[in-house]
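*Asks:* Sequence first, predicted coordinates after that:
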Amino acid sequence: MMINSEKFRKLLEAEKASLENDLKQVGRENPERPGEWEVTPIGETDVEFREDVADQMEEMDGREEIELNLEQRYENIARALEKIAKGTYGICEINGEPIEEDRLEANPAARTCKAHREEGDRLA
């Protein structure tokens, strides 16, 4: 069965735009490395109490975690769009077999078939 890559390209581009908006809420694109994101500081305020500093550090850690998760999803989407352009979209990166369409429906940026889902989570 042939994968409708145009349908998935549209889904991926919409998700990419949404992720860019989400990333802008917690970070900014690294000017020295386009396509990579970094967490922006919470705010430049005079902090008089240690508790305030601790709260800001905790919030910054949370923002970093969110940014890393969003950036990973963003990179997977960019990779999937590159595969569409190259004509290799929908092929499992582990065994070279087609990725099931229902898996792509659930996750258009999937890199592996269902049988290799766990291994795919560890791909760099």
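*Replies:* Happy to help now that I have it. Quick caveat: nothing in here was measured; it's all calculated off a predicted structure. Numbering: from 1, shown residues only.
*Asks:* In this structure, what residue spans correspond to strands?
*Replies:* 27-29, 37-39 (DSSP state E).
*Asks:* hey, where'd the helices end up in the protein?
*Replies:* 5-26, 50-86, 101-106, 117-121 (DSSP state H).
*Asks:* In a markdown table: these, plus mean neighbour count and distance to Arg33.
*Replies:* Where C-beta positions appear, they are placed from N, C-alpha and C, glycine not excepted. Shown next, in a markdown table, are the helices of the chain (neighbours: other CB atoms under 10 Å; distance: least, CB to CB, whole Å):
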| stretch | mean neighbour count | distance to Arg33 |
| --- | --- | --- |
| helix 5-26 | 15 | 14 |
| helix 50-86 | 15 | 11 |
| helix 101-106 | 14 | 29 |
| helix 117-121 | 13 | 25 |
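*Asks:* Tell me which of these lies nearest to Pro34.
*Replies:* helix 50-86 (11.3 Å; CB to CB).
*Asks:* before we move on, back to that, most tightly surrounded among the strands of the chain?
*Replies:* strand 37-39 (a mean of 19; mean count of other CB atoms under 10 Å).
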